[in-house]
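Engineer: one predicted model, sequence on top.
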Amino acid sequence: MKRITLILSGLISASILNTGAQDIRPEVEIWGLFEIGISNSTVYGDPFRDVELLVEITGPGGEILHHYGFYDGEDDWKIRFSPNETGRWICKARFSDGSGEMEDTLTCISTEKPGRVMLDPFNPYWLTRANRHKYLFRSFHVGDRFFAGNWDDPTNLNDGEYRTIFLDWLQENKYNMLSVASHYTNRNDEGRGKGWDTPQLWPLDPAEYNKMEQILDTLNKRDITVFPFAGFFGYMGSWPTDAKEQELYIKYTLARIGHYPNIILNLAGPEPFYREDEKYYKGALRMVDVKRLGQLIDSLDMHNHVLTFHHQKQAARYGDPLLYEPWYDMSTLQGPTTTDLETLYTGLMMNHPPYKACYAQETLWPGNKNHPDYTDDEIRKNMLTILFSGSTLNYADMEGNSSSGFSGSLDLIDADPGKHEIAKEVWDWFETIPFHKMTARHDMVSRTYCLAEEGVEYYVFPPVAGKKIGLFLNFPYKLESEWINVNNPEIIRKGDMVNQKTSFTAPDGGETWILHVSAPRPKVVATGNFPDLATDADGNIHLVYNRGGLIYKKYDAATKSWSEEQKTGCLCETVERSDPDVVVDSKGNPHVFCGNQYAWFNGKKWVKAKPTATRDSELAIDSRDNVFLVSRKGNNGGYIGFEKKIIAEKDWIALTDPDKNNRGKNDHVYTDIVIDGNDDIHLVQRHGPAVEVTYRKSEDGGFTWPIEEKVMDEREEAPHIIVNSEGKVFISTGAGFVLERMGTDNWKQHGRKLHIHARMQPEPGIDKQDNIYMAAFGGHYNVLRKGFWIGEKIIDPVTKNNSIGFVETAGQKDFVYIAWEEGIGNPDAGFKDDSKIVVGILYPDGRIIGLF
């Protein structure tokens, strides 16, 4: 095997197979750059075509990704990729001609940076950044000079630094995204790209790519997203028409820049279907070509960037012909360009299904010769209409074509401050609302535009003041209403409480008003950490949490009020390893456990009884009010300890260790138990004897455990279990997979229903209609409703500057009460006990509201 010399890139080093090099595992931030330099002295006639550097990357969960390295001139080759999950990654590479191979590993660590541009995984109606709970893109169009070296050479610090001056202005005005006219290709046309020395990517030239990458590095450091206006195959650009050459061009480009988290991929544009003349698109971008190239880019993009196509105006009138292509993530539109808000809204909405984004690319460009002469009020209302359609707006400042005015010159003297201030004001207000939880719902209103999270919150924009509008509601609880003045958001007019179809009249007076209607919000009810809750037969909530010991509070469903706090006497030692549990007996009295201590309320006072359990424990109660406790470390030969307390007795009784006759590999078992309506006891553990997730069952109150079944070989901490009213068992694994027991040794795989990692504790709850609610650290949740999963969602914090910790649920008739902690921390150590405990209601359709 030919020796490969690895060149260090920055702080990155790599081990080399068969060379005796020291194995140093670098740390790379999630969505950051992992780069390996490789020197290959083999002489190739054409290193772009004679050989490939084939790369296989294995993620922490075992997923294998296929990628490519690239030739970078002389004897230099490089591999670049960006990990999207924390943990250990393995990178293997080999040259296709057998001239060498290598292997390296890295550890991916967390970051505070915004992460990759993507469709919001919890609501793909919107674009987001992977590491942000909510992200509003504020896009601005720039003409053809932005990447040009003869406008501003990034290697020359004495040529005026025009790009830096412009980018400083851009961020001062809160823009965070650029649409760049000549980017991958030069729009070689008078008044556009002609004369500007932009990077020429085809024919392939490492030096030209390096010019582009220097500027992309700058934009990435500034967290500015980049949209290539003309894409891979742009208007009057230099690019190949042969299919094999097109694949080479795409592979090479993605190998070099695919790691950037701040890029969107555009296949072609603008308007290839409109301009079929040979000089514009070489007769090579018919529909069949576009679909082939879209599939090809999607298959080669291991980083899974947002992929789109830049359409002509007709798409906003008759519909986007690519909208239902599986590789197509976002509809990019040139129109409608109008001051007729109904036409504008309709053109955007017809191209915006609930599972894809929409980019209003050339839809509001003040000063452009193909747009109306917008007044300030029309700019404001057009912006609101675009945003209320759920679209990302690309704004501009022009005096003619797309490379004119300030958008073309990028000279601050040409900017129209008033136009940018209007845009900033509208975006600033819009960013205050939870748009990321909503979709446009024109079906719920009349004579107006609406963003809604159904049953939770509505924002309604009436285009004409002083006229009646309708909002269709039907809920068992009252929602508040108010009118917000967009010109001055501090001015708010309170409205009526509503829960049925209602008519509203927008205030008059020449200003723009937004109607806001909202359900009761979940509220902070206590201070502490590691909450748990249970309900009794009367629907009362029994809540426990740690704050220097285990605290108890009760919510009275009849009076709709919380009791004062009570100290239970449990100290909650090492609470992060044995967090609080609460169950309620048939008389409505709570039984609690935390750390290594148990107590129950006998109707007058808290009474303690010491079990043997010390950590990783779970509490359960049967129909006869017998209390059971399962924990780590067995009592008679197993790794799982199991004990019972009869309510009238003082002491705990050690029962048979469930795994006594067939232990796993160690005592890190992380068990969970549930008791069904027949008082059969169901248990799940990690580190089972045959596979990681193992199910056990006792039908005699825990004395014997004859049933043991293999469930799944998945070792994340920790599995949990629930049983429905028909006795069907459901198990969730630590990585968020769900399995359903269909019969003896027959487990149906539901798939990964929460995308989480170790110790985030995805725990199922259930209501009396057998809807199953999965919730985990970070506020992730999903619901199995009437046999179908509604899709993964995430809770928004109700307190400022905090994140969501552990989440627990307790079932009622057709919903669950839900409790979570808000503060600062991680799933390993947990949150501090000065965190805030929040309680609300979670419905099976995913709605979360406050108690009412």
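Structural biologist: Perfect, thanks for sending it.
Engineer: any idea which residue sits dead centre in the chain?
Structural biologist: The residue lying closest to the centre of the chain (Cα atoms, centre = their mean) is residue 121, at 4.4 Å.
Engineer: mind listing what that residue touches?
Structural biologist: 755, 792 (Cβ atoms under 8 Å, 6 or more residues apart in numbering). Every C-beta, even on glycine, is put in place using the N, C-alpha and C of the backbone.
Engineer: pLDDT at it, what is it?
Structural biologist: As predicted, residue 121 sits at a pLDDT of 96.
Engineer: wouldn't residue 144 be in contact with residue 186 here?
Structural biologist: Yes. In this structure, residue 144 is within contact of residue 186 by Cβ atoms under 8 Å, at 7.2 Å.
Engineer: give the residues shared as contacts by those two.
Structural biologist: Contacts common to residue 144 and residue 186, judged by Cβ under 8 Å, 6+ apart, are 193, 196, 198.
Engineer: what is the burial count for the first one?
Structural biologist: A count of neighbours around residue 193, defined by other Cβ atoms under 10 Å, yields 27.
Engineer: repeat for the last one
Structural biologist: Using other Cβ under 10 Å, residue 198 is surrounded by 28 other residues.
Engineer: and it, how far from residue 433?
Structural biologist: 39 Å (Cβ to Cβ, to the nearest Å).
Engineer: ok, back up a step: element containing the residue nearest to the centre of the chain?
Structural biologist: In this structure, residue 121 sits in neither a helix nor a strand according to DSSP states H and E.
Engineer: contact partners for the closest residue to residue 57 other than its chain neighbours?
Structural biologist: Excluding its sequence neighbours, the residue lying closest to residue 57 (Cβ to Cβ, 6 or more residues apart in numbering) is residue 65, at 4.5 Å. Residues in contact with residue 65 (Cβ under 8 Å, 6+ apart) are 56, 57, 58, 59, 81, 302.
Engineer: may I ask which of the residues you listed has the most neighbours?
Structural biologist: Result: residue 81 is most packed of these (other Cβ under 10 Å), 24 neighbours.
Engineer: the closest residue to residue 69 other than its chain neighbours: neighbour count?
Structural biologist: Distance criterion Cβ to Cβ, 6+ apart; nearest residue to residue 69, sequence neighbours excluded, is residue 53 at 3.1 Å. Burial measure for residue 53: 24 neighbouring residues, criterion other Cβ under 10 Å.
Engineer: repeat that for residue 540.
Structural biologist: Residue 540, neighbours per other Cβ under 10 Å, totals 19.
Engineer: find the nearest non-adjacent residue to it, please.
Structural biologist: residue 557 (5.2 Å).
Engineer: from residue 312, how far off is the one you found?
Structural biologist: Counting by Cβ to Cβ, the gap from residue 557 to residue 312 is 59 Å.
Engineer: in helices, which of the shared contacts of residue 144 and residue 186 fall?
Structural biologist: Among those, none falls in helices (DSSP state H).
Engineer: could those residues go into TSV alongside distance to residue 410 and pLDDT?
Structural biologist: TSV is the format used below for those (distance: Cβ to Cβ, whole Å; pLDDT from 0 to 100):
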residue	distance to residue 410	pLDDT
193	14	81
196	12	96
198	14	96
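Engineer: chain center to stretch 476-485: distance?
Structural biologist: 29 Å (Cα atoms, centre = their mean, to the nearest Å).
Engineer: can you give me the buried ones in that stretch?
Structural biologist: 479, 480, 481, 483, 484, 485 (16 or more other Cβ atoms under 10 Å).
Engineer: what mean pLDDT does that stretch get?
Structural biologist: pLDDT averaged over stretch 476-485 gives 96.
Engineer: cool, stretch 787-803 as well?
Structural biologist: Mean predicted lDDT for stretch 787-803 stands at 95.
Engineer: now do the buried residues in it.
Structural biologist: Neighbour-count burial for stretch 787-803 [16+ other Cβ under 10 Å]: 790, 792, 793, 794, 795, 797, 798, 802, 803.
Engineer: what's the burial count for the closest residue to the fifth one other than its chain neighbours?
Structural biologist: Counting by Cβ to Cβ, 6+ apart, the nearest residue to residue 795 once its immediate chain neighbours are dropped is residue 779, at 3.3 Å. In terms of burial, residue 779 registers 22 neighbours under the definition other Cβ under 10 Å.
Engineer: for the closest residue to residue 830 other than its chain neighbours, give me phi and psi.
Structural biologist: Once flanking residues are discounted, residue 830 sits nearest to residue 576: 4.4 Å by Cβ to Cβ, 6+ apart. The phi/psi pair for residue 576 (degrees, to the nearest 10) reads phi -70, psi -20.
Engineer: number of residues surrounding residue 655?
Structural biologist: Neighbours around residue 655, by other Cβ under 10 Å: 22.
Engineer: you'd agree residue 677 is up against residue 724?
Structural biologist: No. In this structure residue 677 lies outside contact range of residue 724 using Cβ under 8 Å: 9.7 Å.
Engineer: ok, these two, which is more surrounded?
Structural biologist: The residue with more neighbours, out of residue 677 and residue 724, is residue 724; 19 against 12, by other Cβ under 10 Å.
Engineer: so who does that one touch?
Structural biologist: Contacts of residue 724 by Cβ under 8 Å, 6+ apart are 730, 766, 770, 772.
Engineer: again, only using 7 Å
Structural biologist: Counting by Cβ atoms under 7 Å, 6 or more residues apart in numbering, residue 724 makes contact with 766, 770.
Engineer: what does it show for phi and psi?
Structural biologist: The phi/psi pair for residue 724 (degrees, to the nearest 10) is phi -90, psi -180.
Engineer: cool, and the one 10 residues further on?
Structural biologist: Its backbone dihedrals place residue 734 at phi -60, psi -20, with angles given as degrees, to the nearest 10.
Engineer: give me the number of residues near it?
Structural biologist: Neighbour tally, residue 734, other Cβ under 10 Å: 24.
Engineer: cool, residue 486 as well?
Structural biologist: Neighbours of residue 486 (other Cβ under 10 Å): 19.
Engineer: look up phi and psi at it.
Structural biologist: Dihedral angles for residue 486 - degrees, to the nearest 10 - are phi -70, psi -30.
Engineer: separation between it and residue 462?
Structural biologist: Residue 486 is 11 Å from residue 462, by Cβ to Cβ.
Engineer: in stretch 706-719, which residues are buried?
Structural biologist: So for stretch 706-719, counting by 16+ other Cβ under 10 Å, buried means 708, 709, 711, 712, 714, 715, 716, 717, 718, 719.
Engineer: with adjacent residues omitted, what lies nearest to the fifth one?
Structural biologist: When you say that, I think you mean residue 714. residue 733 (4.5 Å).
Engineer: count the residues that sit near the residue nearest to residue 540.
Structural biologist: Counted with other Cβ under 10 Å, residue 557 comes out at 16.
Engineer: after the lengthiest strand in the chain comes which helix or strand?
Structural biologist: For the chain, the longest strand by residue count, based on DSSP state E, is strand 468-485. Counting by DSSP H and E, the element after strand 468-485 in chain order, helix or strand, is strand 492-494.
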